[in-house]
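# here is my input, please return the structure:
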Amino acid sequence: MSSRLPETDLANWGFMETSQKRSALETFVKPKQIVGSYEPFRRVFPDAINQQFPLFGEALSGSAWDEVQKRLVRECKGDAQRIAMNKAILSSTHAYAVSNGIAAMGLDVTPLRFFGGTSYGFGLNLLIRYHSHASIVFLDMRKTNGLSISGRRFVFSAMHHRFREAYPDLVSADLEIWRYRNNKSRDLVCMRPTGDLLGWDEMVHDVVETHQIWESVRRGGSDERRASGTFGPLFD
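Numbers count the residues shown, from 1 in each chain. Below you'll find the model as predicted:
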């Protein structure tokens, strides 16, 4: 089992009480059935948002929905269940991109490392360009157990530190979370920060604590260790 945690969960568990984190991680580690995959959506996503490429001197026009849908079917290898799972969310993305005149450019940016060699993304490696502004985007695609209010604050803060603080050219970029609603059409709701962002040092401290608890849970930490609140070294 990977030591890297899903970004949505890491964000949602951020700044919980230690006992709450442990309870969440103990639930997370239990076997569960994973139905389907959004990997076909991820592969076709650049077509849906009209990603531009430096080798082309002129701006490329966006793909029509019929073309995007055909590629999705190919990526799903004709599997009806996979197509159904990915079609609504892809259609919602394409409709949002068309209605807002979006084009996207790839970004060469380093991953976010709170400690050691464990890397996190927290944001697409893309600059989403509207007519009036440009944004960095995180996709919140889960039907259930998506980002909480505090989780969104964590994600916005992580994106700020990864992109705007590290790269002067991106300092004026907006931050967005694209939340896909749990309805039949998977409507896309664009969310932006509404409050103060978290400082880098406090985020590092919190993520290190979460990973310490995670290592203890993965190794089957004893009740005695749980009661004492000690988890051993994170790196050994």
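
# all strands for the protein, in order.
51-52, 103-106, 126-129, 134-140, 174-180, 188-191 (DSSP state E).

# tell me which other helices or strands the second one touches.
In this structure, strand 103-106 packs against strand 51-52, strand 126-129, with contacts taken as 3 or more Cβ pairs under 8 Å, 6 or more residues apart in numbering; DSSP states H and E. Every C-beta, even on glycine, is put in place using the N, C-alpha and C of the backbone.

# now for the longest one, which elements pack on it?
Meaning strand 126-129. strand 103-106, strand 134-140.

# contact partners of the longest one?
The contact list for strand 134-140 (Cβ atoms under 8 Å, 6 or more residues apart in numbering) reads 8, 122-124, 126-128, 146-147, 152, 155, 159, 163-164, 170, 172-180.

# for that strand, buried residues please.
Ser135, Ile136, Val137, Phe138, Leu139, Asp140 (16 or more other Cβ atoms under 10 Å).

# can you give the domain ranges for this structure?
Per automatic domain parsing, the domain ranges recorded for the chain read 1-34+107-236, 35-104.

# how long is the shortest one from one end to the other?
Read that as domain 35-104. Using Cα to Cα, to the nearest Å, one end of domain 35-104 lies 30 Å from the other.

# now swap in stretch 164-177 and tell me
Note: stretch 164-177 ends 16 Å apart using Cα to Cα.

# quick check: mean pLDDT across that stretch?
If you average the pLDDT over stretch 164-177, you get 97.

# gap between the closest residue to Phe41 other than its chain neighbours and Arg71?
Among residues not flanking Phe41 along the chain, Asn86 sits closest, at 4.3 Å (Cβ to Cβ, 6 or more residues apart in numbering). Separation of Asn86 from Arg71 (Cβ to Cβ, to the nearest Å) stands at 11 Å.

# can you give me the end-to-end distance of stretch 142-160?
Counting by Cα to Cα, you get 22 Å between the two ends of stretch 142-160.

# what's the offset of that stretch from the middle of its chain?
How far stretch 142-160 lies from its chain's middle: 8 Å, per Cα atoms, centre = their mean, to the nearest Å.

# which residues touch Tyr130?
Asn100, Gly101, Ile102.
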